[in-house]
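1. How does the following fold in three dimensions:
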Amino acid sequence: MRRTRQVRAVMTADVAVVEPYLPVEAAVAVLERRGVGGAPVVGEDGRVLGVVTRGDLARRRPGRRLGRLAWRGAGAVAEVMSTPPVTVGADDDVVCAVRRMNASRVRRLPVLGVGARLAGIVSHGDLGRVFLRPDDEIRDEVRDEVLDRELCVDPASLDVAVRDGVVSLTGTVERRSVVPVIPVLLALVGRVDGVVAVKEHLRVGVDARIVLADEPAAGAVPG
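-> Numbers count the residues shown, from 1 in each chain. Down below sits the predicted model:
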């Protein structure tokens, strides 16, 4: 199955960064040169101290301090950056990143890796591409990867329809063991990139070749 659920799979590793003591004018030049709307502010130890955007730099506010530290020089980045930074881990699920971004009303998140140091950055557009897959591509993955490869279910035995990321499953699922097959199927489909929701109209059939441990064999006399 296609795996892009971790933030590290969709983040940009080549990040434009600025130092907290950098003059505002120099920070503007960095953003313009890289063609980005904002950048993490990184200290000498590689840790993210804040985030600065073009809007922050345009609304220069002198005299702002970072904790107990005051950076020398009027108009330094530390005076206008947003802090503490809203970040996400490289191994976090992209859904976590989307929720954090929406809750904080920001459009980019610095991504932290080993030692809580900057590993990359993920934007609203990066996360959006995970969920904006064509419906036919999602349908093919559900049929080929989930049904056929992972569950060994004949894709032709179920009707799989996808509209705007919503997967609808209709038909009979053959039960080959005591494992509750429908919850497993729904969980796997829900993990496919681009799936917004899963609807099911499924029945469970029993493979005639399998006699469940809790069901007496045909002709058996109860003890």
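2. Residue 167 contacts residue 142, correct?
-> Yes. The pair residue 167 / residue 142 is scored as a contact, 6.1 Å apart, by Cβ atoms under 8 Å. C-beta coordinates here come from the backbone N, C-alpha and C atoms, glycine included.
3. And stretch 143-161, how far out from the chain middle?
-> The chain centroid and the centroid of stretch 143-161 are separated by 25 Å under Cα atoms, centre = their mean, to the nearest Å.
4. Contacts for it, please.
-> The contact list for stretch 143-161 (Cβ atoms under 8 Å, 6 or more residues apart in numbering) reads 1-2, 139, 142, 167-174, 181, 184-185, 188-189, 192, 202.
5. Tell me which entries of those lie within helices.
-> Those of the contacts of stretch 143-161 mapping onto helices are 139, 181, 184, 185, 188, 189, per DSSP state H.
6. my guess is residue 12 meets residue 121, correct?
-> Yes. With contact defined as Cβ under 8 Å, residue 12 and residue 121 form a contacting pair (5.4 Å).
7. Which residue of these two possesses the greater neighbour count?
-> Between residue 12 and residue 121, counted using other Cβ atoms under 10 Å, the more crowded position is residue 121 (25 against 14).
8. related to what we said a few turns ago, any chance of the ones in helices among the contacts of stretch 143-161 in a markdown table with distance to residue 17 as columns?
-> What follows is the ones in helices among the contacts of stretch 143-161, written out as a markdown table (distance: Cβ to Cβ, whole Å):
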| residue | distance to residue 17 |
| --- | --- |
| 139 | 41 |
| 181 | 49 |
| 184 | 44 |
| 185 | 44 |
| 188 | 39 |
| 189 | 39 |
